[in-house]
Structure formats: structure tokens, C-alpha cells
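*Asks:* Give me a 3D structure for the following:
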Amino acid sequence: MASTLAVLLCYSRLYSSKRSPSFRQLEFIVFGVAALLLRQTNIFWVAVFPAGLTLVWAVKASRGNARVTFDDNQRSVAGVAKAAWVYGRIYDPCVEKAYCEGARSRQQCIRLSLTCQIDYILTAISVMIVASHNLLGLLMIMIPYLALLAGFAGFVIGNGGVVLGEGLLS
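*Replies:* Numbers count the residues shown, from 1 in each chain. So this is what the prediction gives:
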């Protein structure tokens with residue numbers, strides 16, 4: 001219960017608009033450390049997951065939030081990479097197309113499933129290419145997450161593992 005509360009407080013501090021960005025980041029780090037002290041697996045919830053979301057939101061915001069559709073001939077690694085590099089377009093297909101509920105057969109469902117996996121790869125490629133245009137700005141946005149990850153890595157190295165206390169009792 002306390003672990004979940006610490007994670008939720010961590011999020012509420014980061015996404016609160018009432019305080020200055022620097023103060024929000026400091027509060028986020030403090031509550032993130034508290035969440036990690038309660039449960040080390042919270043590293044995913046206070047650093048990895050929100051870092052990924054924030055990175056994608058920041059990249060999208062830097063290039064505009066308009067949803068761009070890709071033609072079938074652009075829906076290749078080369079087409080997506082060119083659109084990302086030249087125009088700053090992120091490959092972001094509608095989530096409606098990411099499931100196989102409307103599939104008429106098992107083979108069609110498997111084909112749709114493979115298409116969804118390709119979509120994940122193309123999205124990651126386009127985000128990385130567009131992000132490469134503003135690495136310093138994105139690095140500044142990622143400071144609270146990187147601080148938590150660095151502190152956690154230091155803790156794991158210093159403690160010799162993730163579990164607190166005597167390893168034989170765990």
C-alpha cells in the first residue's frame with residue numbers, strides 16, 4: 001500500500017502544473033527515491049515507464065501533434081525513416097488497427113498480429129530518428145529519470161543486488 005502511494009505521489013508531483021518545473025523534478029526525485037526504498041521493482045514505475053512516455057510526448061510535441069497517415073508504399077523502414085528524417089514525422093498508426101477482433105480467420109489474425117509488431121518497430125525507428133534532431137533538449141527533460149536510474153544502479157552495485165537485507169531470508 002505504501003509502495004503504491006509513493007509511486008502515485010511521484011506521478012502527481014511530476015505532472016502537477018502548479019509548481020515550477022525545477023521544483024516538480026526535485027519532488028519527483030524525492031518521491032521516486034521513497035518508492036524505490038519501499039520496493040526496488042518500482043524502478044520500472046518511477047523511471048523506465050514514465051521516461052519512455054515523456055520521451056515520446058516530448059518528441060511529438062517538438063514536431064506537432066497532428067496525426068500523419070502513411071501510405072502503404074511509405075510503410076516500410078526506408079519510407080518511415082525518410083519521413084522522420086526529412087519532415088520530422090512520427091509513424092503513429094491508430095490503435096484501432098492494432099488488434100485482430102475483425103479478423104475472419106486465424107491466418108488473417110496472425111497477419112494482423114505481425115503487422116502490429118512491425119508497427120511497433122517502425123514507431124520506435126521514427127521516434128529515435130526524430131529525437132536525434134533535439135538530443136540536448138530531450139536529455140534535459142530526462143534528468144529526473146536518469147537521476148533515479150543512476151541512483152538505483154549505484155544502490156544495486158553497492159548492495160551487491162536488488163534485495164535489501166539478508167539474501168538468505170528473502
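*Asks:* so where's this protein uncertain?
*Replies:* Applying pLDDT under 70 to the chain picks out residues 17, 63-74, 95-116, 163-170.
*Asks:* give the contact list for the most centrally placed residue in it.
*Replies:* In the chain, the centroid-proximal residue (Cα atoms, centre = their mean) is Gly52; its distance is 1.4 Å. Residues near Gly52 by Cβ atoms under 8 Å, 6 or more residues apart in numbering: none. Any C-beta I mention is one placed from the backbone N, CA and C, and that applies to glycine too.
*Asks:* Does it lie in a helix or a strand, and which?
*Replies:* Here Gly52, judged by DSSP states H and E, is contained in helix 49-63.
*Asks:* That helix: which residues count as buried?
*Replies:* For helix 49-63, burial by neighbour count (16 or more other Cβ atoms under 10 Å) applies to 50-51, 54-56, 58-60, 63.
*Asks:* what's the answer for stretch 144-160, then?
*Replies:* 144-145, 147-149, 151-152, 155.
*Asks:* What ranges does the chain have for its helices?
*Replies:* 2-14, 21-38, 43, 49-63, 77-87, 106-131, 135-141, 143-159 (DSSP state H).
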